[in-house]
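Colleague: All I have is the shape, not the residue letters:
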Ligand SMILES: Nc1ncnc2c1ncn2[C@@H]1O[C@H](COP(=O)(O)OP(=O)(O)OP(=O)(O)O)[C@@H](O)[C@H]1O
């Protein structure tokens, strides 16, 4: 367990981490998210006593990092994969670390095998690719067989097979009851790996919640319907007090609709459906929605280089047309009292 209490870090007038309090619990993978410059690396560095907090504290299983004898046996971390000594072989880099924490030498070969670097164990690490460097950093984190592991951007530079491997490794370590804390900007990857999320923006805590709740609370869920008899369907839905919006491609969307109820209504009225699907925003959309107000660095689209930035997610109506009823009134605004509701 990692516990932060009122953790704060100021660099001159800049508050990088602002009164952060949360716990990272064992048995699950906890993802650490935040836009660029949110304070993730600074927080992780303070967890490892590499930066001194301006105020507040971090406890690793109830103790300060500096009070841990042989800390690699309690907490292993991948922060900067390039921090290894380039002139030393992978094996000797790990051996030095092992000796400094009284870890038996046999662990060096074990972790090299775990990360798939046995064949290059004697090669100098300065010749390693980005992905090999990441694997070596992960090996150093695993060396002391610690109960707590922290990974800052672990999939950086890894190929798809490597990404798959680190995902399964983190899940397996959590399943053994270990505490796994991982930051990544790759939302699709985080969605597949993390069970719990800590989200920060401008150094402050924005969310401490399960992955499922985070997506549910920060995004719109709706049911999408397409029908060649869409006018009939619209009429049926409106008569049942169901609020509908129509998209540019002719589909109908029902916010928070119950898919079973909508399917049954269509069947009762013998309406052919070409699509009836529940839609939930992705972690990326939910993340952008939540952190929209705390993004420090925005790209500009007028440089002439590269594509324009993605539009901010819009859960509102602007890209959809309101549905007009026969008398020109907006079906979406019909009273729910004249039907069964969804
Ligand atoms: N040594 C330092 N001196 C001055 N400012 C710093 C220092 N380290 C970090 N900062 C500032 O603190 C803020 C938080 O930086 P940090 O690197 O922790 O963010 P991050 O969330 O890890 O960002 P990224 O996702 O881009 O890696 C940034 O504004 C950064 O410029």
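Modeller: Cool, the structure landed. Being a predicted model, the structure only gives us computed values, none of them experimental. Numbers count the residues shown, from 1 in each chain.

Colleague: Could I get the contacting residues of whichever residue of the stretch 101-250 of the chain sits closest to the ligand?
Modeller: Nearest residue of the stretch 101-250 of the chain to the ligand: residue 185, at 6.4 Å (C-beta to the nearest ligand atom). In short, each C-beta sits where N, CA and C put it, glycine included. Shown in contact with residue 185 (C-beta atoms under 8 Å, 6 or more residues apart in numbering): residue 153.

Colleague: Three-state assignment for it, please.
Modeller: coil (DSSP: H, G, I helix; E, B strand; the rest coil).

Colleague: Can you read off the pLDDT for it?
Modeller: Here, the pLDDT recorded for residue 185 equals 86.

Colleague: Check residue 334 too.
Modeller: Listed pLDDT for residue 334 reads 29.

Colleague: Show residues contacting the worst-scoring helix or strand of the chain on mean pLDDT.
Modeller: Least confident helix or strand, the chain: helix 283-291 with a mean of 80, by mean pLDDT, DSSP states H and E. The contact list for helix 283-291, computed with C-beta under 8 Å, 6+ apart, reads 33-35, 38, 187-188, 190-191, 199, 201, 206-207, 211, 214-215, 217-219, 281, 312-313, 315.

Colleague: Now, of those residues, which are buried?
Modeller: 33-35, 38, 187, 190-191, 199, 201, 206-207, 211, 214-215, 218-219, 281, 313 (16 or more other C-beta atoms under 10 Å).

Colleague: among those residues, which are in helices?
Modeller: Of the buried ones among the contacts of helix 283-291, the ones assigned to helices by DSSP state H are 187, 190-191, 211, 214-215.

Colleague: ok, which stretches of the stretch 101-250 of the chain are strands?
Modeller: For the stretch 101-250 of the chain, applying DSSP state E, counting those that start in this stretch gives strands covering 148-152, 179-183, 196-201, 204-210, 221-226, 245-246.

Colleague: which residues make contact with the first one from outside it?
Modeller: Going back to what we said before, that points to strand 148-152. 1-2, 24, 40-41, 44, 47-48, 60-61, 74-80, 138, 141-142, 166, 170, 173, 178-183.

Colleague: Taking strand 204-210 as reference, get the angle to the least confident helix or strand of the chain.
Modeller: If you take axes from the mean of the first three to the mean of the last three C-alpha atoms, to 10 degrees, helix 283-291 sits at 140 degrees to strand 204-210.

Colleague: quick one: helix 283-291 near the ligand?
Modeller: No: using C-beta under 6 Å from any ligand atom, helix 283-291 stays clear of the ligand, with a minimum separation of 11.0 Å.

Colleague: chain center to that helix: distance?
Modeller: Distance of helix 283-291 from the chain centroid (C-alpha atoms, centre = their mean, to the nearest Å) equals 10 Å.

Colleague: how about the residues of the stretch 1-150 of the chain that lie near the ligand?
Modeller: 11, 14, 16, 34, 36-42.

Colleague: at 8 Å instead, please
Modeller: 9, 11-12, 14, 16-17, 34-45, 51 (C-beta under 8 Å from any ligand atom).

Colleague: Give me the subset of those residues lying in strands.
Modeller: 9, 11, 14, 16-17 (DSSP state E).

Colleague: For ChimeraX, what selects the buried ones among those residues?
Modeller: A single ChimeraX command selects the buried members of those (16+ other C-beta under 10 Å):
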select :9,16,17
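
Colleague: May I ask which helix or strand encompasses residue 91?
Modeller: Taking DSSP states H and E as the definition, residue 91 sits inside helix 90-100.

Colleague: Give me the buried positions along that helix.
Modeller: Under 16+ other C-beta under 10 Å, the buried positions of helix 90-100 are 90-95, 97-98.

Colleague: Can I get those in TSV including distance to residue 270 and pLDDT?
Modeller: Output for these, formatted as TSV (distance: C-beta to C-beta, whole Å; pLDDT from 0 to 100):
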residue	distance to residue 270	pLDDT
90	68	88
91	72	92
92	75	91
93	71	90
94	69	93
95	75	94
97	71	90
98	72	93
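
Colleague: Make JSON lines from those residues and add distance to residue 249 to it.
Modeller: As requested, the buried residues of helix 90-100 are exported to JSON lines (distance: C-beta to C-beta, whole Å):
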{"residue": "90", "distance to residue 249": "53"}
{"residue": "91", "distance to residue 249": "58"}
{"residue": "92", "distance to residue 249": "60"}
{"residue": "93", "distance to residue 249": "55"}
{"residue": "94", "distance to residue 249": "55"}
{"residue": "95", "distance to residue 249": "61"}
{"residue": "97", "distance to residue 249": "56"}
{"residue": "98", "distance to residue 249": "59"}
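
Colleague: which pair in those residues spans the largest distance?
Modeller: Greatest spatial distance among the buried residues of helix 90-100 (C-beta to C-beta): 90 and 98, at 12.5 Å.

Colleague: contacting residues around the residue lying closest to residue 158 once chain neighbours are set aside?
Modeller: Once flanking residues are discounted, residue 158 sits nearest to residue 131: 4.9 Å by C-beta to C-beta, 6 or more residues apart in numbering. Going by C-beta under 8 Å, 6+ apart, residue 131 touches 157-159, 162.

Colleague: hmm, 6 Å instead?
Modeller: By C-beta atoms under 6 Å, 6 or more residues apart in numbering, residue 131 lies in contact with 157-158, 162.

Colleague: Kindly report the same for residue 208.
Modeller: 22, 198.
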